[in-house]
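Trainee: Give me coordinates for this.
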Amino acid sequence: MRLIRAQDYYGSWECKSGAELLADFIVTRKQRRAMRVIGDPEPDVLWRLDMFYTAVGLAIEERSGLMTSPMTKMKPVGASDAWCSRAGGWSLCRDIHRFGFETFRKLAEAGTKLVDDATAAIEAYPDVARA
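Mentor: Below you'll find the model as predicted:
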């Protein structure tokens, strides 16, 4: 939520609660089915993807003391896949047009798992992580 609030240059989100700020990350099954998956992903989807992985990177920084930076790149063979780098490895994000989580709990669990996995890799290979 701190990251999203930092994007609010004009204070228009000041009165919004944390749940309201994170509501864009919740995509129900019904909403997923209604989303189009042809063509480039919508800008709001790319924003959600960027905010999520940037927040994960910041949490890894806080835990490990190492600087991180998320990196996403669309594959040239199709707009529906993206490679998302993260500390500790790579993951393929399928159906990027539908990026989101069914519940706030699943959002938190996904972020926590990525942070836990990355910090475990940093702890297991400290020389590589600090190189």
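Trainee: Kindly tell me how buried Leu46 is, as a neighbour count.
Mentor: 17 (other CB atoms under 10 Å). In short, each C-beta sits where N, CA and C put it, glycine included.
Trainee: show me what contacts the residue positioned nearest the centre of the chain?
Mentor: Centroid check for the chain by CA atoms, centre = their mean gives Phe52 as the closest residue, at 2.3 Å. Going by CB atoms under 8 Å, 6 or more residues apart in numbering, Phe52 touches 25, 99, 111.
Trainee: just checking, it is part of a helix?
Mentor: Yes: according to DSSP: H, G, I helix; E, B strand; the rest coil, Phe52 belongs to a helix.
Trainee: What's the separation between it and Gly11?
Mentor: 23 Å (CB to CB, to the nearest Å).
Trainee: ditto for Met1
Mentor: Taking CB to CB, one finds Met1 at 15 Å from Gly11.
Trainee: How many residues are close by Asp117?
Mentor: Neighbour tally, Asp117, other CB under 10 Å: 17.
Trainee: and it, what helix or strand is that in?
Mentor: Counting by DSSP states H and E, the element that carries Asp117 is helix 104-124.
Trainee: buried stuff in that helix?
Mentor: By 16 or more other CB atoms under 10 Å, the buried positions in helix 104-124 come out as 107, 111, 114-115, 117-119, 121-122.
Trainee: And stretch 39-58, by the same measure?
Mentor: Applying 16+ other CB under 10 Å to stretch 39-58 flags 41, 45-46, 48-49, 51-53, 55-57 as buried.
Trainee: which residue ranges form the strands in the protein?
Mentor: 71-74, 81-86, 89-94 (DSSP state E).
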